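> I'll drop the sequence and a predicted model, then ask my questions.
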Amino acid sequence: MSNGFAEAYKLDVNLEFIKKKSGFSTDKELANALGVSQAQINAVKQNGKIPGVDPFLMNLSRLSGYTINDLLLEDLEDREMTIVARAAVSVDEHRKLIGLYYLYYFGTSSFKGRETSTDAAALEFGLLAVYMDPADGMVHCRADFGLTRDEADERYDACHELFNSHSILKKGFQSILINKYQDDLFYEGTVNMTHGHIFLQCAAGAKDNLSMILHRPDSRAPRYIGGIAAALSISKGREASPCMQIVGMSKYKITASEEEIVRHLLLGYPSIDPGPEFDHVLNYIADAVQYHNEQTPVETHNMTADLADRNTRFVISANLMTIITRIVIQNLFRVIKISTRDDDDWYHFCKLFINDVQKK
């Protein structure tokens, strides 16, 4: 075998890479794992010798998960670094997220199953600052929850200034929030991305942790406007329980009514098909009404007829409650999914509130 041909093989460098990747600190440990001698390892690494297929290469393939062909011909460390580099989301893509966002979500302080307030009354507000920290060059986030609409507007306006009829974020806007509103409970954390999603992880000291996941739109737009997040946190109030929420994010101040915001935040619920059981109950009601109309006038009703009416109402009520409960459980209490269409609908809703003062 000529020296030039031997140099084409990458087994020597791959052995060192696999040794480190597998957690072995010495060649002897690697040799023991492969069932070969340390001298065989040295022959490959120092002299470029190609060992036999069995047991050396076969055991190395089982240990590492690479094919024998890859072990011999590919620089595996270089290949994995290339894959990671291609998979990583660029810093410029992270920078698109920088800005101040309104947060819209439902309060969680009511006891489970005892929520009686209207959707609009249950709506709460917050702000999310996404910024680049010069200390580490990473994108961070700072969230302020539990605000009224007026409080959110006040804090949002405090972080902006007018420039040539446009509202722009002040430098250090994330510090303005925490310095000016020190009594607020702030969540601090980091922002990460994959090619398909945005992840926000933040905590309010030892009081609470919050995770939010959003779709990352496939867009060449210079900045991110907002989206719908699936959020996991601890509920407020006396029952501090793990809870899942839907949170709307918007870089623009949405001036629509609470009812209109809620309509978009509910992702179109309850657009649910109740199924054939509901038709059966409706037919039952129609038949009961027809029967009632065909009977004698009200003044001739006796106790038996009245009892029959009450029994009919009870049967109808029981059937309706059974169907409604099943539909709600099936559609709202199993899995909350935010589709790309939901996210796109929210995006276009936010865009309605871009005006000359807010454009940058």
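Arrived safely.

> what's opposite Asp144 in the beta bridge?
Judged by DSSP bridges, the bridge partners of Asp144 are Leu127, Phe186.

> gap between it and Ile338?
From Asp144 over to Ile338 the distance is 23 Å, taken as Cβ to Cβ, to the nearest Å. C-betas here are computed from N, CA, C, even on glycine.

> what do you get for Tyr187?
20 Å.

> more neighbours, Asp144 and Ile338?
Asp144 (21 against 18; other Cβ atoms under 10 Å).

> so that one sits right up against Phe186, yeah?
Yes: between Asp144 and Phe186 there is a contact at 5.7 Å, judged by Cβ atoms under 8 Å.

> got any residues that touch both of the two?
Taking Cβ atoms under 8 Å, 6 or more residues apart in numbering as the criterion, Asp144 and Phe186 both touch Leu177.

> nearest residue to the most centrally placed residue in the chain other than its sequence neighbours?
Using Cα atoms, centre = their mean, the residue of the chain that lies closest to the mean C-alpha position is Ile213, 1.7 Å off. In space, and not counting its chain neighbours, Ile213 is closest to Ala230: 5.2 Å by Cβ to Cβ, 6 or more residues apart in numbering.

> what is the mean pLDDT for the strand or helix carrying the residue nearest to the centre of the chain?
Take DSSP states H and E as the rule and Ile213 turns out to sit in strand 209-215. For strand 209-215, the mean pLDDT works out to 92.

> how many degrees apart are whichever helix or strand comes after that strand and strand 209-215 in direction?
The element immediately downstream of strand 209-215 (helix or strand, assigned by DSSP H and E) is strand 226-234. Strand 226-234 runs at 150 degrees relative to strand 209-215, counting by axes from the mean of the first three to the mean of the last three Cα atoms, to 10 degrees.

> what residues does strand 226-234 touch?
Around strand 226-234, the neighbours that count as contacts under Cβ under 8 Å, 6+ apart are 101, 105, 108, 198, 200, 208-215, 217, 240-252, 265, 267, 336, 338, 342-343, 346-347, 350.

> can you give the distance of it from its chain's centre?
6 Å (Cα atoms, centre = their mean, to the nearest Å).

> how far away is the closest residue to Phe125 other than its chain neighbours from Gly172?
Excluding its sequence neighbours, the residue lying closest to Phe125 (Cβ to Cβ, 6+ apart) is Ala152, at 4.0 Å. If you measure Ala152 against Gly172 using Cβ to Cβ, the figure is 19 Å.

> show me which of the two is the more surrounded one.
Using other Cβ under 10 Å as the criterion, Ala152 and Gly172 rank with Ala152 on top: 20 against 11.

> can you check my assumption that that one lies in a helix?
Yes: counting by DSSP: H, G, I helix; E, B strand; the rest coil, Ala152 is part of a helix.

> related to what we said a few turns ago, mind giving me the packing neighbours of the strand holding Ile213?
On a contact count with 3 or more Cβ pairs under 8 Å, 6 or more residues apart in numbering; DSSP states H and E, strand 209-215 meets strand 197-203, strand 226-234, helix 340-351.

> at 10 Å instead, please
When contacts are defined as 3 or more Cβ pairs under 10 Å, 6 or more residues apart in numbering; DSSP states H and E, strand 209-215 packs onto strand 138-147, strand 186-193, strand 197-203, strand 226-234, strand 242-250, helix 340-351.

> now tabulate these in JSON lines and tack on mean pLDDT and distance to Arg79.
JSON lines is the format used below for the helices and strands packed on strand 209-215 (pLDDT from 0 to 100; distance: least, Cβ to Cβ, whole Å):
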{"stretch": "strand 138-147", "mean pLDDT": "92", "distance to Arg79": "27"}
{"stretch": "strand 186-193", "mean pLDDT": "92", "distance to Arg79": "23"}
{"stretch": "strand 197-203", "mean pLDDT": "93", "distance to Arg79": "26"}
{"stretch": "strand 226-234", "mean pLDDT": "90", "distance to Arg79": "35"}
{"stretch": "strand 242-250", "mean pLDDT": "89", "distance to Arg79": "38"}
{"stretch": "helix 340-351", "mean pLDDT": "88", "distance to Arg79": "32"}
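
> to Thr325, which of those lies closest?
Across the helices and strands packed on strand 209-215, the minimum distance to Thr325, taken as Cβ to Cβ, is reached by strand 242-250, at 19.8 Å.

> which elements pack onto that closest one?
strand 99-106, strand 123-133, strand 197-203, strand 209-215, strand 226-234, helix 258-265, helix 340-351.

> and the fourth one, which strands flank it?
This means strand 209-215. Here, using DSSP bridges, strand 209-215 pairs with strand 197-203 (antiparallel), strand 226-234 (antiparallel).

> out of the ones you listed, deepest packed?
Most buried of the strands paired with strand 209-215, by mean neighbour count (mean count of other Cβ atoms under 10 Å): strand 226-234, with a mean of 21.

> much appreciated, bye for now.
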